[in-house]
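Peer 1: Sequence first, then the predicted structure:
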Amino acid sequence: MAIPRLTHEERDAALAELTGWALRDDGLAIVRTFKFADFAEAFGFMTRAAIEAEKADHHPEWFNVYNRVEITLTTHDAGGLSVRDVSLARLIDGFV
Ligand SMILES: C[C@H](O)[C@H](O)[C@H]1CNC2=NC(N)=NC(=O)C2=N1
């Protein structure tokens with residue numbers, strides 16, 4: 001399914017509004033690292049995020065070690081950032 005990439009203006013506006021998310025060096029994804037008290041907290045957060053991601057049919061790339069979760073959001077179908085990444089970032093931020 002083709003979904004349009006954000007324009008540079010849309011991307012910059014989204015980044016200004018999102019807390020803690022940064023543009024990846026290549027400009028094709030946004031990234032944020034979350035830290036929790038322990039593994040149980042981190043994995044609980046991942047579980048909640050996974051359920052919402054599945055509902056939205058939009059899935060994070062992520063990496064977890066103990067209490068740290070590094071998340072990369074990009075839209076594979078668009079080859080870069082789309083509005084779906086911004087929506088998922090907002091949802092994920094609601095679980096912190
Ligand atoms: C067929 C299915 O809807 C697509 O493959 C969805 C699934 N989850 C996805 N997740 C992400 N991050 N990007 C996508 O382009 C994407 N596409």
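Peer 2: Received, thanks.
Peer 1: what separates the longest helix along the chain from the chain centre, distance-wise?
Peer 2: With secondary structure taken from DSSP state H, the chain has its longest helix at helix 39-56. Put simply, helix 39-56 sits 12 Å off its chain's centre (C-alpha atoms, centre = their mean, to the nearest Å).
Peer 1: quick one: it near the ligand?
Peer 2: No: using C-beta under 6 Å from any ligand atom, helix 39-56 stays clear of the ligand, coming no nearer than 7.7 Å. Every C-beta, even on glycine, is put in place using the N, C-alpha and C of the backbone.
Peer 1: Following element in sequence after that helix, please.
Peer 2: Later in the chain than helix 39-56, the nearest helix or strand by DSSP states H and E is strand 61-65.
Peer 1: who touches whatever helix or strand comes next after that next one?
Peer 2: Helices and strands here follow DSSP H and E; after strand 61-65, the next one along the chain is strand 68-73. The contact list for strand 68-73 (C-beta atoms under 8 Å, 6 or more residues apart in numbering) reads 21, 24, 29-36, 42, 45-46, 49, 60-64, 81, 85, 88-89, 92.
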